[in-house]
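Visitor: Sequence first, predicted model second:
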Amino acid sequence: MPKITFIGAGSTVFAKHLMGDILTFPELAESEFALFDIDPQRLRTSEIVAHRLNEALGTRARISATLDRRAALDGADYAICMIQVGGYKPATVTDFEIPKKYGLRQTIADTLGIGGIMRALRTIPVLLDMCRDMEQLCPEVTFLQYVNPMAMNCWAISRATRIKTVGLCHSVQGTARDLAHDIGVPLEEINYLAAGINHMAFYLRFERNGEDLYPHLRRVIEEGRVPSWNRVRYEILRRLGYFVTESSEHFSEYVPWFIKRDRPDLIERFNIPLDEYIRRCEAQIAAWEAQRQALEGGAPMDVQRSDEYGALIIHSLETGTPRVIYGNVTNHGLIDNLPQGCCVEVPCLVDKNGIQPTKIGALPPHLAALMQTNINVQALTVEAALTGKREHIYHAAMLDPHTAAELDLDQIWSLVDDLIAAHGALLPAYC
């Protein structure tokens, strides 16, 4: 049975979903789970939850928990990463509050923008340290990487290490479910093809039995049925002709058109939730103690299969059962009009032969051009992380679509300086 290491296992609810997914496969019911976290209390809760899952499902998984990352990784067949370097405080709060002083507002700040840049700079060094451990302790491991900023993290790993890595997100399958609801078509009847970069992939085909369903999506706009929380993406469909896979609150901060300090009418018109990630974090923190007691206590353990890809990948690699998932992988000839070597999100066949990405060819040129504006920022941020050159941080921020739309060059450089100073020891030294 495989050894599956959870890195950041203190993310208890997410770890519970993934462990439950894995254990619902009979072929994986005796897997070994090695749980690792730097927070002993949260790790203990996750260990209790793992044992409760084992009991509820009648499985015979072997479970261990440790504060020693190398011990957890030793001999692992799979490593699943779900960390947040710096946590809510001080890191995430800093990513929001300092830009606010310059009039730069954000919604999620974990993928692009100045918040995504800083999150990458504090996360990539930690991920590379993990990968160096893996190269010594489990060089054939498959690294399932769930941490944002997905594209920057995976790009850095592919450049700096030899570890087999796939970045996993739930935006493609999640958005497909939302669209199925909007047009009243059962999800299981829909066939789609999406491709691009993480959080900016587009459905190139969205069909049922060969019928193009895009006219149904456009009818949602024509009939005034656009959900209030999804106005940005339907506007992008109207302007670009394709539907993007990431949520409206995310997408609004990847482009220069929606969040503008001198245009509050846009915020209202498109219902953009500024500071949304801060609210989510505070709500989760406030609810954690009750969640912890419920997870550790005697309440029935509800186990339902999630739509995450992690367990499906492990099951397919172990059993040879063929499946198609959407993965974030290195662009080696997959998308012709995006830079080779960048991180792209494409369908991948998974079976005994491994994770095999699908060649897409050329994207519609206007979609590739839009993605390139984000890839520019990703490339310079990765360059800064791998070379330690501070100048690339300034350049990444200068080219960020949202930041550049709001701030002048002096403000951008001053903002970067303030953020680097505020992050302190969470960042390596830059020259």
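Guide: Nice, I can see it.
Visitor: How far off centre is stretch 20-34?
Guide: Its chain's C-alpha centre and that of stretch 20-34 lie 23 Å apart, by CA atoms, centre = their mean, to the nearest Å.
Visitor: Same question for stretch 283-297.
Guide: Per CA atoms, centre = their mean, the centroid offset for stretch 283-297 relative to its chain is 24 Å.
Visitor: same check, this time on stretch 254-269
Guide: The answer for stretch 254-269 is 24 Å, by CA atoms, centre = their mean.
Visitor: What's the end-to-end length of that stretch?
Guide: Terminal residues of stretch 254-269 lie 18 Å apart, using CA to CA, to the nearest Å.
Visitor: tell me which residues in that stretch are buried?
Guide: Along stretch 254-269, these residues count as buried under the neighbour rule (16 or more other CB atoms under 10 Å): 254-255, 257-260, 267. C-betas here are computed from N, CA, C, even on glycine.
Visitor: for the protein, what's the longest helix?
Guide: helix 113-137 (DSSP state H).
Visitor: circling back to that earlier point, among the buried residues of stretch 254-269, which pair sits farthest apart?
Guide: 254 and 267 (16.0 Å; CB to CB).
Visitor: ok, back up a step: same question for the longest helix of the chain: list its buried residues.
Guide: Counting neighbours by 16+ other CB under 10 Å, helix 113-137 gives 113-128, 130-131, 133-134, 137 as buried.
Visitor: downstream neighbour of the helix or strand where residue 281 lies in the secondary structure list?
Guide: Secondary structure assigned from DSSP states H and E places residue 281 in helix 276-296. Using DSSP H and E, the helix or strand that follows helix 276-296 in sequence is helix 310-319.
Visitor: hang on, the earlier thing: state the mean pLDDT of the longest helix of the chain.
Guide: When pLDDT is averaged along helix 113-137, the result is 98.
Visitor: just the angle between that helix and helix 276-296, please?
Guide: Per axes from the mean of the first three to the mean of the last three CA atoms, to 10 degrees, the angle that helix 113-137 makes with helix 276-296 is 40 degrees.
Visitor: any idea which helix or strand comes after helix 113-137?
Guide: Counting by DSSP H and E, what follows helix 113-137 is strand 142-145.
Visitor: Show me what that next one pairs with in its sheet, parallel or antiparallel.
Guide: If you go by DSSP bridges, strand 142-145 pairs up with strand 78-81 (parallel), strand 164-167 (parallel).
Visitor: Where does the prediction get shaky in the stretch 51-200 of the chain?
Guide: Within the stretch 51-200 of the chain, not a single segment meets pLDDT under 70.
Visitor: for it, what spans make up the helices?
Guide: Counting by DSSP state H, counting those that start in this stretch, the stretch 51-200 of the chain has helices at residues 69-73, 93-101, 113-137, 150-160, 171-183.
Visitor: out of those helices, nearest to residue 6?
Guide: helix 69-73 (7.9 Å).
Visitor: ok, residues contacting that closest one?
Guide: 5-7, 34-36, 64, 66, 79, 130, 133-134, 137-138, 141 (CB atoms under 8 Å, 6 or more residues apart in numbering).
Visitor: same check, this time on stretch 40-60
Guide: Everything outside stretch 40-60 that qualifies as a contact, by CB under 8 Å, 6+ apart, is 6, 9-12, 15-16, 19-20, 23-24, 29-30, 33, 35-37, 61, 63, 65, 67, 292, 295-296, 300-301, 303.
Visitor: Now the buried members of those residues.
Guide: 6, 9-12, 15-16, 19-20, 23-24, 29, 33, 35-37, 61, 63, 65, 292, 295-296, 301, 303.
Visitor: Out of these, which sit inside strands?
Guide: Those of those mapping onto strands are 6, 33, 35-36, 63, 65, per DSSP state E.
Visitor: Check those residues against residue 362 and report the nearest one.
Guide: Using CB to CB, these come closest to residue 362 at residue 6, 38.6 Å.
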